[in-house]
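Trainee: the sequence and its predicted three-dimensional model are supplied below.
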Amino acid sequence: MSSERQAEPEGAGGQEPTGTARAALVAARAERAADLDRWLQSLLTAAPAAPVPEDVALIAVGSHARRELTPGGDLDLVLLHRGRARIAEVADRVWYPVWDSGLRLDHSVRTVHEARTVARGDLKAALGLLSARRIAGDTALVDDLRAAVLTDWRADAPVRLAELSELCRERWEAHGELAFLLEPDLKEARGGLRDVHILHAVAASWVASGPDGRVRAAHALLLDARHALHEVTGRSADRLVLQDHDAVARALGLADANVLQRSISEAARTITYASSHAWRRADRFTKSRGGSRRGVVERRPVGNGAVEHDGEVVLARNADLNDPALVLRVAAAAAHAGLPLAPATVDRLAGRAALP
């Protein structure tokens with residue numbers, strides 16, 4: 001595609017400008033989340049002016065907890081209580097209206113102890129509870145659950161991260177690389193929405209940092225694309241098939257399907273890069289906790305101006321940032337050594353190094 005085509009102004013060809021179209025999707029999700037919260041709270045109180053029952057709380061997990069529920073998304077809810085009698089009656093007045101509305105509902109009723117026990121035995125349940133958000137009810141009860149789940153997640157990090165790493169690798173093998181697929185699964189493919197949620201979970205263990213601004217922007221693009229896909233197809237499927245590319249591009253205010261594919265590919269590469277870095281840190285953490293203690297991490301020269309440090313290539317202490325060949329030499333050294341560039345090194349080179 002020519003540079004002139006790439007530079008085509010937003011809204012060309014009668015399309016709604018990208019910023020306007022995507023802002024409308026963001027606003028729609030926020031409005032839907034607020035409407036759902038108000039409705040669910042009214043169901044829990046049983047009457048418009050009635051208080052929420054004591055020692056009971058309704059929480060969202062998954063996409064609604066993150067206020068990311070798209071038109072085809074599932075509603076995941078947990079009713080927490082402190083051993084309250086006849087809790088099933090309280091649950092029924094929430095679950096049945098949700099079912100009657102046509103929303104797909106995944107639900108459970110737990111005490112904090114029960115939820116904590118389930119989370120320690122079920123990795124997917126733990127991931128959901130890490131993002132739990134209170135909708136209505138006892139705030140202290142929700143705080144107790146969050147604290148318990150986070151405490152367990154961090155205490156069990158060596159085991160849980162190893163399990164999560166294996167789960168991710170199985171998913172990547174099944175769904176492929178989002179950046180290189182013509183008909184990708186926007187949620188499950190490598191570099192997709194699921195990997196951003198996993199980044200938050202890894203960060204919650206204190207092993208790696210959370211998503212930065214670039215990853216958050218990439219996630220926002222994929223979330224908008226998923227929202228548009230659900231909207232234009234009327235289905236909940238997350239696979240973006242070729243026949244839907246043009247319609248999704250229009251819904252996002254993009255010029256055409258080619259621009260959509262390029263945007264999605266760039267977003268996926270950004271997420272994959274961040275995910276790879278987080279998993280290198282997590283894998284080193286789990287190996288160090290599972291075996292003997294590591295000694296001092298050595299710095300091994302791999303090229304002029306570049307050294308290996310803890311499995312990544314970083315700048316040597318005497319590297320000359322004013323040398324216009326430094327960027328190419330460091331990149332070549334990393335490729336020759338078969339090692340990734342450390343993200344901090346990439347940022348430093350991008351921000352300060354002279355370019356050839």
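Mentor: Thanks, I have it. The structure displayed is predicted, hence computed values, not measured ones.
Trainee: can you give me the helices in this structure?
Mentor: Taking DSSP state H as the test, the helices found in the chain are 3-6, 18-45, 87-101, 112-121, 123-130, 139-155, 157-175, 193-204, 213-233, 245-251, 257-290, 326-337, 343-352.
Trainee: got the CA positions of the fourth one in CSV?
Mentor: Taking C-alpha atoms only, helix 112-121 is exported to CSV below (Å, rounded to 0.1, in the frame of the first residue of the first chain):
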residue,chain,number,x,y,z
VAL,A,112,-15.2,-15.6,51.2
HIS,A,113,-13.8,-18.8,52.5
GLU,A,114,-15.5,-20.8,49.8
ALA,A,115,-14.4,-18.4,47.0
ARG,A,116,-10.9,-18.4,48.4
THR,A,117,-10.8,-22.2,48.4
VAL,A,118,-12.1,-22.4,44.8
ALA,A,119,-9.6,-19.9,43.6
ARG,A,120,-6.7,-21.8,45.1
GLY,A,121,-7.8,-25.0,43.4
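Trainee: in that helix, which residues are buried?
Mentor: Residues 112, 115-116, 118-120 are the ones in helix 112-121 that count as buried (16 or more other CB atoms under 10 Å). C-beta coordinates here come from the backbone N, C-alpha and C atoms, glycine included.
Trainee: and what of the last one?
Mentor: Within helix 343-352, the residues that qualify as buried by neighbour count (16+ other CB under 10 Å) are 343, 345-346, 349.
Trainee: how far away is A334 from A237?
Mentor: 39 Å (CB to CB, to the nearest Å).
Trainee: actually, L260.
Mentor: Here the criterion is CB to CB. By it, L260 lies 17 Å from A237.
Trainee: in terms of packing, which of the two has more residues around it?
Mentor: Per other CB atoms under 10 Å, whichever of L260 and A237 has more neighbours is L260, with 24 against 15.
Trainee: quick one: contacts for that one?
Mentor: For L260, the contacting residues are 225, 245, 248-249, 252, 254, by CB atoms under 8 Å, 6 or more residues apart in numbering.
Trainee: so which of those residues comes closest to E298?
Mentor: A225 (43.9 Å; CB to CB).
Trainee: report the contact partners of that closest one.
Mentor: 186, 240, 248, 252, 260, 264.
Trainee: the first one and R226 touch, don't they?
Mentor: In other words, L186. Yes. L186 lies in contact with R226 (CB atoms under 8 Å); the separation is 4.8 Å.
Trainee: break this protein down into its domains, please.
Mentor: Segmentation of the chain into domains, based on automatic domain parsing, reads 18-155, 159-290, 299-352.
Trainee: now the first one, how far from the centre of its chain.
Mentor: This points to domain 18-155. With CA atoms, centre = their mean, to the nearest Å as the basis, domain 18-155 stands 18 Å off its chain's centre.
Trainee: then stretch 137-156?
Mentor: Centre-to-centre, stretch 137-156 and its host chain are 20 Å apart (CA atoms, centre = their mean).
Trainee: now do the buried residues in that stretch.
Mentor: For stretch 137-156, burial by neighbour count (16+ other CB under 10 Å) applies to 137-138, 141-142, 144-146, 148-149, 152-153.
Trainee: can you check stretch 28-38 too?
Mentor: 29, 32-33, 36-37.
Trainee: what's it in contact with?
Mentor: With contact meaning CB under 8 Å, 6+ apart, stretch 28-38 is reached by 64, 67-70, 75, 135-136, 227.
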